[in-house]
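[1] Provided below for reference: sequence and predicted model.
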Amino acid sequence: KLQAPVDGVLAGLRLVITAGPTREPIDPVRYISNHSSGKMGYALAAAARAAGAEVTLVSGPVALVAPDGVAVVPVVTAADMLAGASEAVDAGCDIFIATAAVADYRPDQCADQKIKKSESAMSLALVRNPDTLATIARRENAPFTVGFAAETTDVARYARDKMQRKNLNMIVANDVSRPGLGFNSDDNAVTVFWAGGEQPFEAQGKAELAAKLVALIADRYCDRAS
Ligand code: CTP
Ligand code: CA
């Protein structure tokens, strides 16, 4: 489907976008992960490229083809995602957008061999993963940062709280409790929050929404100093 082009609003700007899930290995054949198709991140990458940006997509495992003209850095774990994103930002980044569904925890160790079932129950010890977005946003000379927040309740409150806690310029919140929207779906409905305002976007295709989000992000980015 053709989108109204957002001609050149991001010309000359370098964007780094995280997308997809991460996978945290339990043993050679198993992992912990999140629901995430990567569609929103890939759609944003395509829209940003169409708007003239130089785009690097740091992507967890997804079944999507990279948009034309977009560089992809493939990653698997949350630790890989932080390393890949940090390297991409080091190479030059004006705007950082985190759409990835990063696993918050990983098994404290990955078994060398496949774990055989034995007892009627088993437990896994988990440890916290690093937060890519918060780490990038707290850097000296941090890029303009945009986070995503998938919430099932109190969407506005949790999203604004995350924006403040992680020191973000903007946050895009979606209510994943709405049936047929959000992760794995082709459509999404979101509300974008920033320090001085908010804007809702009704349910629509992710490509269409991505073009509008890129326009809004470009607008806020240009306004950032004022
Ligand atoms: N994020 C990240 N690295 C993590 C966790 C989250 O970069 N380890 C980013 C996501 O890509 C998203 C934003 O942070 O842009 C918010 O993610 P979310 O899971 O909603 O927030 P958390 O801080 O992990 O809080 P919680 O899952 O407890 O709601
Ligand atoms: Ca999380």
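    Nice, I can see it. Ligands and ions are numbered 1, 2, ... in the order given.
[2] dump the residue contacts of residue 25.
    Residue 25 makes contact with 31, 77, 106, 107, 110 under the criterion C-beta atoms under 8 Å, 6 or more residues apart in numbering. Bear in mind the C-beta positions are built from the backbone N, C-alpha and C, glycine included.
[3] Surely it is in a strand?
    Yes - according to DSSP: H, G, I helix; E, B strand; the rest coil, residue 25 belongs to a strand.
[4] Give me the pLDDT for it.
    You'll see residue 25 listed with a pLDDT of 98.
[5] Ok, residue 180 next?
    On the pLDDT scale, residue 180 gets 70.
[6] so it makes contact with residue 187?
    Yes - assessed by C-beta atoms under 8 Å, residue 180 is found in contact with residue 187 at 6.7 Å.
[7] So for the two, which sits in the more crowded spot?
    Per other C-beta atoms under 10 Å, whichever of residue 180 and residue 187 has more neighbours is residue 187, with 16 against 10.
[8] Now do the more buried one, the pLDDT please.
    84.
[9] tell me the contacts of it?
    Here residue 187 is in contact with 180, 181, 203, 204, 205, 206 (criterion: C-beta under 8 Å, 6+ apart).
[10] the longest helix in this protein is where?
    helix 206-222 (DSSP state H).
[11] neighbouring contacts of it?
    Helix 206-222 has contacts (C-beta under 8 Å, 6+ apart) with 1, 3-6, 9-10, 13, 39-40, 43-44, 46-48, 50-51, 94-95, 97, 144, 146, 169-170, 172, 186-188, 190, 192, 194, 199, 201.
[12] Name only those of the residues you listed that count as buried.
    By neighbour count, with 16 or more other C-beta atoms under 10 Å, the contacts of helix 206-222 hold 3, 6, 9-10, 13, 39-40, 43-44, 46-48, 50-51, 95, 97, 144, 146, 169-170, 172, 187-188, 190, 192, 194, 199, 201 as buried.
[13] show me where this structure has helices.
    39-50, 78-90, 132-137, 155-165, 206-222.
[14] Spatially central residue for the chain, please.
    Nearest to the mean C-alpha position of the chain, by C-alpha atoms, centre = their mean, lies residue 99 at 1.3 Å.
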